[in-house]
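Novice: Requesting a structural model of the entry that follows:
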Amino acid sequence: MTVAFDLGGLLEERAGDREHLHDEHLNGKLAQVLRTIGFDRNYTSGAGCYLYDDEGRDYLDFLAGFGVYALGRSHPVVKQALHDALEADLPNLVQMDCSLLPGLLGEALVKRSHAGIRRVFFCNSGTEAVEGAIKFARRATGRTRILYCDHAYHGLSTGSLALNGGKEFRNGFGPLLPGCDPVPLGDLAALERELAAGDVAAFVFEPIQGKGVYEAADEYWVEAEAACRRHGTLVVADEVQTGLGRTGRFFCHDHWALRPDIITVSKALSGGYVPVGAVLTTEAVWDKVYRSLDAALVHSSTFGSNALAMVAGLATLQVFDDEDIVDRARRTGDLLVKALQPLVDRYELLHEVRGKGLMVGLQFGRPTSRGLRLRWDALERVRAGMFSQLVVVPLFDRHRVLTQVAADGVNIVKLLPPLIAGEEEVDRFVGALEDVLDDAHKGMGL
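Specialist: Have a look, this model is predicted:
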């Protein structure tokens, strides 16, 4: 049979058209940003913790696709599982059936959750999972208000955007979903005041906030959960980025032995191949949503339980078990923080290293010495958070280390390495950061 589609030939033939195509048909502003900061590289492959460009250079990936590549890129077990699924010609998306693969993946997720979690709804992304959580909470409680923490990030579709603390994402897209109100992260009294009205369906939170790697005190989470229970409010843990081993526990809320009514997951569950999201709930919540036979499809997603996504999730969880991924993340995270912590004393521009496991934030701030302080102030007058960008760019340009500024207008660099990273990757990153900070302290020659 003649092959009508030649992927390799197409990629080779059109390799030089990448930026032109984005400028013409996709997000040309993003292409312009990448050119401006020197991030416009032609990546041709990825494996493990590294990306490779068309000149054969390696790049240490401490961004991991915003946390998608927990197992690194091109993990052979996940790749083989997907090949097997394609070869099997599975009866995919019949819709009017109960296929095996979603049941198996649901079972695997329930087994890894606290004892109260019994049901799973599959969707396609983190933001879709949060949308589902909002609907489930409202239906289960008969209430409409949703509380979220300031600085939160829960996605960019309209409902999840209403729980988003970043004004830069919200501006111009309103009015958003009504009845969604912020509370300061870690402020128990403020949470109690809102809950006391008796109309709050759910408190939705990231156990560690992705936009800034902001944390609350350990005791806050325990007391916040207890307050929600007293007022009949559901506890919803958004584990889209913090879940699946990222913080050294399978779920970040496990650090405090919390028992959320609803858990949202995505990103790492995909194995880096097929988009997948999930809403995990208690039986009590589920029974209120799918309350009768005629409500069996009251909330659904066309592609949510597709075979390739389910296979990617099952293979990913198998690798987590076989390769001890969660504990590896904890150990490497401890190693990374231990290596970074002395730099806080050595460099006055670096104020704090925080986070858990392999979700780490580097907080930069105003220095004390006069010369550095004057240069810092001049940068911040140009644009708030400028210094952190001037760390990210030379890390990439000089050392081929890919990182990100944690949020708009803040001097925080976020590290999200693949969970398979080890001592070699830690050493390379720390050495690169030392070189960049040495230059910064000699005169901010970045």
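Novice: What count of nearby residues applies to Leu86?
Specialist: When neighbours are counted by other CB atoms under 10 Å, Leu86 registers 12. All C-beta atoms are positioned from the backbone trio N, CA, C, and that covers glycine.
Novice: Tell me where this structure is predicted with low confidence.
Specialist: The model of the chain has pLDDT under 70 over residues 1-3, 443-446.
Novice: Would you mind listing the residues in contact with the closest residue to Val360 other than its chain neighbours?
Specialist: The shortest distance from Val360 to any non-neighbouring residue, by CB to CB, 6 or more residues apart in numbering, is to Leu415 (4.3 Å). Residues touching Leu415, when contacts are defined by CB atoms under 8 Å, 6 or more residues apart in numbering, comprise 62, 336, 355, 358-362, 403, 429.
Novice: Repeat that for Lys79.
Specialist: In this structure, Lys79 makes contact with Tyr273, judged by CB under 8 Å, 6+ apart.
Novice: Can you report phi and psi for it?
Specialist: Its backbone dihedrals place Lys79 at phi -60, psi -50, with angles given as degrees, to the nearest 10.
Novice: where's Lys414, which helix or strand?
Specialist: Of the helices and strands defined by DSSP states H and E, Lys414 is found in strand 412-415.
Novice: go on, Lys135?
Specialist: Counting by DSSP H and E, Lys135 is found in helix 126-141.
Novice: mind checking the SS state of the residue nearest to Asp377 when sequence neighbours are not counted?
Specialist: When the adjacent residues along the chain are set aside, Asp377 lies closest to Arg366, with 7.5 Å between them (CB to CB, 6+ apart). Using DSSP: H, G, I helix; E, B strand; the rest coil, the three-state assignment for Arg366 comes out as coil.
Novice: Contacts only, for Arg366.
Specialist: Contacts for Arg366 (CB under 8 Å, 6+ apart) come out as 373, 376-377.
Novice: what does Phe169 give?
Specialist: If you count contacts by CB under 8 Å, 6+ apart, Phe169 has them with 153, 156, 161.
Novice: residues in contact with the second one?
Specialist: Remark: with contacts taken as CB under 8 Å, 6+ apart, Leu156 is in contact with 127, 164, 169.
Novice: quick one: it from Phe173, how far?
Specialist: The gap separating Leu156 from Phe173 is 9 Å, by CB to CB, to the nearest Å.
Novice: Which neighbours do these two have in common?
Specialist: Residues within reach of Leu156 and of Phe173 at once, by CB under 8 Å, 6+ apart: there are none.
Novice: circling back to that earlier point, most neighbours of all the contacts of Arg366, which one?
Specialist: Trp376 (22 neighbours).
Novice: and that residue, what element?
Specialist: In this structure, Trp376 is located in helix 370-382 according to DSSP H and E.
Novice: same check, this time on Cys228
Specialist: In this assignment (DSSP H and E), Cys228 forms part of helix 218-230.
Novice: got the CA coordinates for the helix or strand just after that helix in CSV?
Specialist: From helix 218-230 onward toward the C-terminus, using DSSP H and E, the following helix or strand is strand 234-238. Extracted in CSV, the C-alpha atoms of strand 234-238 (Å, rounded to 0.1, in the frame of the first residue of the first chain):
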residue,chain,number,x,y,z
LEU,A,234,-16.1,20.8,50.3
VAL,A,235,-12.3,20.6,50.2
VAL,A,236,-10.9,20.6,46.7
ALA,A,237,-7.1,20.0,46.1
ASP,A,238,-5.9,21.1,42.8
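Novice: strands paired with strand 234-238, and their directions?
Specialist: Each strand pairing with strand 234-238, determined using DSSP bridges, is listed with its direction: strand 200-205 (parallel), strand 262-265 (parallel).
Novice: what's the closest of those strands to Leu11?
Specialist: When the strands paired with strand 234-238 are compared for distance to Leu11 using CB to CB, the nearest one is strand 262-265, at 32.1 Å.
Novice: Only alpha carbons, please: show that closest one as CSV.
Specialist: These are the backbone C-alpha positions of strand 262-265, laid out as CSV (Å, rounded to 0.1, in the frame of the first residue of the first chain):
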residue,chain,number,x,y,z
ILE,A,262,-12.3,16.3,45.3
ILE,A,263,-8.8,16.1,43.8
THR,A,264,-7.9,17.3,40.3
VAL,A,265,-5.0,15.8,38.4
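Novice: quick one: contacts of that strand?
Specialist: Residues lying outside strand 262-265 but in contact with it, judged by CB under 8 Å, 6+ apart, are 109, 113, 117, 126, 129-130, 132-133, 136-137, 202, 234-240, 243-244, 251, 253, 277-282, 285.
Novice: after that strand comes which helix or strand?
Specialist: For strand 262-265, the following helix or strand on the C-terminal side (DSSP H and E) is strand 277-282.
Novice: what's near enough to touch the nearest residue to Leu314 once chain neighbours are set aside?
Specialist: In this structure, Leu314 finds its nearest non-sequential neighbour in Leu105, 5.3 Å apart by CB to CB, 6+ apart. Leu105 makes contact with 120, 122, 310, 313-314, 317, according to CB under 8 Å, 6+ apart.
Novice: and those residues as a markdown table, adding secondary structure, neighbour count and distance to Asp187?
Specialist: Supplementary listing: the contacts of Leu105 in a markdown table, determined by DSSP: H, G, I helix; E, B strand; the rest coil; neighbours: other CB atoms under 10 Å; distance: CB to CB, whole Å:
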| residue | secondary structure | neighbour count | distance to Asp187 |
| --- | --- | --- | --- |
| Val120 | strand | 22 | 32 |
| Phe122 | strand | 26 | 35 |
| Met310 | helix | 25 | 40 |
| Gly313 | helix | 30 | 36 |
| Leu314 | helix | 20 | 40 |
| Leu317 | helix | 22 | 36 |
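Novice: In those residues, find the pair that's most separated.
Specialist: Longest distance between any two of the contacts of Leu105 is 13.8 Å, between Phe122 and Leu317; criterion CB to CB.
Novice: Tell me, how many residues neighbour Leu100?
Specialist: 11.
Novice: Trp256 now?
Specialist: The number of residues packed near Trp256 is 17, by other CB under 10 Å.
Novice: what's the distance between it and Arg331?
Specialist: Trp256 is 21 Å from Arg331, by CB to CB.
Novice: now swap in Val213 and tell me
Specialist: Val213 sits 19 Å away from Arg331, taking CB to CB as the criterion.
Novice: What of Gly132?
Specialist: When CB to CB is the yardstick, Gly132 and Arg331 sit 34 Å from each other.
Novice: Mind checking which of those two has more residues around it?
Specialist: Under the neighbour definition other CB under 10 Å, Gly132 and Arg331 were set side by side, and Gly132 has more, 26 against 16.
Novice: Contact partners for that one?
Specialist: 121, 123, 264, 279, 299.
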